[in-house]
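# Any chance you could fold what I've pasted below:
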Amino acid sequence: GREDAITWEEKLQPLTTKVEQVKMAAGASDKFVEVVLATISPVAMERGVYTEDSLKERFCVVEKLARRVAGIGEEGGSLLGYGLSYLQSLLVFNLADRTQIDISEEVELAKVSPTVLVNMAKHSLDQGNLVRAVQLMTQLKGEPARVATDWVAEARLTLETKQAVQAIMLHSQANSCQNMPGV
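Here you go, the predicted structure:
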């Protein structure tokens, strides 16, 4: 992204020119690079992807809203339901800040509340585990899921693009090792 940008959207940088540079460097004969680059989303190519830091910043907004509507299920809710859910979000303490969550152990997601899922996702992000945060936020149901939809989509786009870049880098390193004398 752009270093001097202030907002999330200003930090976005199209990937088209970078991808073209990689294609030229790899050459037309490298089918692996060609296939991997073809998997990069057109949105990422034209608009760019959010950095993980930007996604963490955006998550703070999503987290706050998801907590406020945690009591609203898939069937929606009345104005009173939204009011009660908001009131509950104000009264519930955020225990994630006080206790350490062990996210490595298996969790029965059917029995976990939306608030706990959001707490676990926040903890995952704090630990630098964007993949786990996306997995947890994907498990949300009802109104909290609707609130998190855009963030999850952007995080997935970032992860997909990052995976493509990592695959090309590993391929490049492997090719460099093959071309070294004596190896």
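# C-terminal to the least confident helix or strand in the chain by mean pLDDT, what's the next element?
Lowest on mean pLDDT, DSSP states H and E among the helices and strands of the chain sits helix 79-91, with a mean of 63. Next helix or strand after helix 79-91 toward the C-terminus (DSSP states H and E): helix 114-126.
# Next secondary structure element downstream of that following helix?
Downstream of helix 114-126, the next assigned helix or strand under DSSP H and E is helix 130-138.
# what's that next one packed up against?
helix 52-68, helix 114-126, helix 142-178 (3 or more Cβ pairs under 8 Å, 6 or more residues apart in numbering; DSSP states H and E). All C-beta atoms are positioned from the backbone trio N, CA, C, and that covers glycine.
# can you redo these as CSV with distance to Val22, mean pLDDT and mean neighbour count?
Compiled in CSV, the helices and strands packed on helix 130-138 are given as follows (distance: least, Cβ to Cβ, whole Å; pLDDT from 0 to 100; neighbours: other Cβ atoms under 10 Å):
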stretch, distance to Val22, mean pLDDT, mean neighbour count
helix 52-68, 21, 91, 18
helix 114-126, 29, 91, 22
helix 142-178, 6, 91, 16
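# now for those, which one comes closest to Asp30?
With Cβ to Cβ as the measure, helix 142-178 is the member of the helices and strands packed on helix 130-138 nearest Asp30 (8.0 Å).
# Just list what that closest one packs against, helices and strands only.
Helix 142-178 is packed against helix 31-38, helix 42-46, helix 52-68, helix 114-126, helix 130-138, with contacts defined by 3+ Cβ pairs under 8 Å, 6+ apart.
# now the third one, how far from the centre of its chain.
Its chain's C-alpha centre and that of helix 52-68 lie 11 Å apart, by Cα atoms, centre = their mean, to the nearest Å.
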